[in-house]
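S.K.: next comes the sequence, and after it the predicted model I'd like to discuss.
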Amino acid sequence: MRLFFFLFAFLFWSIHSVAQSGFEYRQKVGFLMAHRGLMAHLPQAPAMASEFSYIHRTSHSKQWHEDYRQPLVGGTIFLGSVGNNEILGRFVGLYGFVELPFVKYKRYRLDFKFSTGFGYTNRPFDPILNPENVAIGSRVNALMCFALKQSWRWKNTGFTMGIDMTHFSNASYQMPNLGINVPFLSLGVQQFFQQNATAHKARELQRPHIDLGLTAIASAKEMRPVGVGRFPVYAGNVFVRKYFGPKGGIEASLDVIYKTGLRSHPSYPDAAPLDPLQFGLFIGYVQPFDRLHFIYGTGIYLRDILHPDESVYLRLGSRYALAQNMDILMTLKTHYAKADYMEFGLAYHF
């Protein structure tokens with residue numbers, strides 16, 4: 001959930017250089033994806049949700065505003081269902097977002113939206129009261145949303161249409177945690193206020209074109225099946241990043257991961273102390289917004305003796321620069337649609 005606060009801090013930090021602000025209401029309809037056979041009984045009804053957003057159209061006062069062609073930033077309240085109120089409950093969420101324009105032509109925009117925050121459900125798994133909820137084991141979960149969104153604007157009023165993918169998960173902190181994935185279609189209306197004055201040009205954090213560093217990560221993971229327990233996870237990596245310009249770069253890292261729970265797991269009674277140690281090679285795309293960077297990528301295990309999951313893993317999340325050579329990070333590590341654990345850490349740049 002700290003990822004939400006990183007993003008929200010970035011968004012409100014940007015308000016001082018905002019050109020125009022407003023509100024948006026969206027109505028969404030979708031369906032629950034049963035991405036595992038164990039979830040086949042869960043989709044029972046259409047997923048219905050409403051979203052209320054506070055939106056900002058950025059100005060020209062920062063270089064990244066220019067680089068991304070004046071994106072929208074803001075915060076959203078999510079209210080609705082995910083397709084099964086009886087077992088999965090109803091959800092309330094809060095997230096921050098960025099909308100990057102692919103196409104801007106007169107009154108028309110086509111944006112890519114990505115967002116992160118947290119959500120709450122009133123019906124998590126309970127071994128007695130709600131044993132059929134195999135998707136979510138906690139009331140509070142991370143929320144992520146990715147979308148393609150079209151908008152048409154007349155003066156200060158806009159109309160929007162989009163397709164979203166909304167995800168709820170607690171990153172295996174509390175079992176069960178197969179996660180919830182819901183594609184949504186949406187229709188919305190926007191209302192902007194009058195234009196604000198543009199702020200002065202701000203100084204931004206500079207990064208070298210090639211960046212080398214170390215990352216230290218700590219987390220916790222509840223092991224499957226339910227009842228085995230929650231155990232610490234320790235990880236780290238050596239990384240190199242190459243920036244190709246102000247809007248993107250590539251990162252490669254050698255990951256080292258040690259899940260302490262595998263040593264006492266009933267599936268591996270003869271595991272040696274070093275058997276849980278995993279090495280992985282990761283390659284990802286870095287998207288910078290001054291001090292806030294987003295990362296999306298894929299890795300493959302080079303050493304994985306116990307094979308608790310698939311051999312390919314995904315990583316997505318954000319990092320925020322505390323100083324020129326120090327980042328704080330929160331990233332989600334998954335195996336396809338199933339969360340592995342949330343990575344909390346510090347990165348040091350040489």
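M.R.: Nice, thanks for sending it over.
S.K.: contacts, neighbours, all on C-alpha from now
M.R.: Fine.
S.K.: now do the helices in the stretch 101-250 of the chain.
M.R.: Read by DSSP state H, counting those that start in this stretch, the stretch 101-250 of the chain holds no helices at all.
S.K.: any low-confidence regions in it?
M.R.: 195-208 (pLDDT under 70).
S.K.: go again with 90.
M.R.: Low-confidence segments of the stretch 101-250 of the chain, defined by pLDDT under 90: 106, 116, 155, 171-173, 175, 177-178, 193-211, 222-229, 244-248.
S.K.: got it, and the stretch 251-350 of the chain?
M.R.: For the stretch 251-350 of the chain, the ranges with pLDDT under 90 are 264-267, 269-270, 288-292, 323-324, 335-339.
S.K.: now do the closest residue to residue 165 other than its chain neighbours against residue 144, distance only.
M.R.: The spatial neighbour of residue 165 that comes closest, neighbours along the chain excluded (C-alpha to C-alpha, 6 or more residues apart in numbering), is residue 183 at 4.4 Å. For residue 183, the distance to residue 144 equals 12 Å [C-alpha to C-alpha, to the nearest Å].
S.K.: so for these two, which residue has more residues nearby?
M.R.: Between residue 183 and residue 144, residue 144 has the larger neighbour count (other C-alpha atoms under 10 Å), namely 23 against 20.
S.K.: quick one: the strands in the stretch 201-350 of the chain, in order.
M.R.: With DSSP state E, counting those that start in this stretch as the criterion, the stretch 201-350 of the chain has strands at 210-222, 230-245, 248-259, 277-289, 292-303, 312-323, 326-335, 338-349.
S.K.: just put those strands in TSV and tack on mean neighbour count and distance to residue 36.
M.R.: Shown next, in TSV, are the strands of the stretch 201-350 of the chain (neighbours: other C-alpha atoms under 10 Å; distance: least, C-alpha to C-alpha, whole Å):
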stretch	mean neighbour count	distance to residue 36
strand 210-222	18	19
strand 230-245	17	23
strand 248-259	19	24
strand 277-289	20	25
strand 292-303	18	21
strand 312-323	20	17
strand 326-335	21	12
strand 338-349	21	9
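S.K.: quick revisit: hey, what's in contact with both of residue 183 and residue 144?
M.R.: residue 166 (C-alpha atoms under 8 Å, 6 or more residues apart in numbering).
S.K.: mind giving me the domain ranges of this structure?
M.R.: With automatic domain parsing as the criterion, the domains of the chain are listed as 2-192, 210-349.
S.K.: relative to residue 236, how far out is residue 258?
M.R.: Taken as C-alpha to C-alpha, the span from residue 258 to residue 236 is 9 Å.
S.K.: repeat that for residue 177.
M.R.: Residue 177 is 24 Å from residue 236, by C-alpha to C-alpha.
S.K.: next one: phi and psi at the closest residue to residue 35 other than its chain neighbours?
M.R.: Nearest residue to residue 35, sequence neighbours excluded (C-alpha to C-alpha, 6+ apart): residue 337, at 7.2 Å. Note on residue 337: backbone dihedrals following degrees, to the nearest 10 are phi -90, psi 0.
S.K.: ok, residue 337 - contacts?
M.R.: Residue 337 touches 35, 178-179, counting by C-alpha under 8 Å, 6+ apart.
S.K.: just the buried residues of the residues you listed.
M.R.: 178-179 (16 or more other C-alpha atoms under 10 Å).
S.K.: as CSV, the contacts of residue 337 with distance to residue 262 would be great.
M.R.: Listed next are the contacts of residue 337 as CSV, based on distance: C-alpha to C-alpha, whole Å:
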residue, distance to residue 262
35, 25
178, 19
179, 22
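S.K.: give me the subset of the contacts of residue 337 that lies in strands.
M.R.: The subset of the contacts of residue 337 located in strands under the criterion DSSP state E is empty.
S.K.: can you pull the contacts of the residue lying farthest from the centre of the chain?
M.R.: The outermost residue of the chain relative to its centre, with distances by C-alpha atoms, centre = their mean, is residue 270 at 36.5 Å. Contact analysis of residue 270 by C-alpha under 8 Å, 6+ apart lists nothing.
S.K.: swap the cut-off to 10 Å and go again
M.R.: Contacts of residue 270 were listed using C-alpha atoms under 10 Å, 6 or more residues apart in numbering, and they are 263-264.
S.K.: do residue 81 as well
M.R.: Contacts of residue 81 by C-alpha under 10 Å, 6+ apart are 29-32, 45-50, 88-92, 121, 182.
S.K.: how much space separates the closest residue to it other than its chain neighbours from residue 49?
M.R.: Among residues not flanking residue 81 along the chain, residue 90 sits closest, at 4.8 Å (C-alpha to C-alpha, 6+ apart). As judged by C-alpha to C-alpha, residue 90 and residue 49 stand 10 Å apart.
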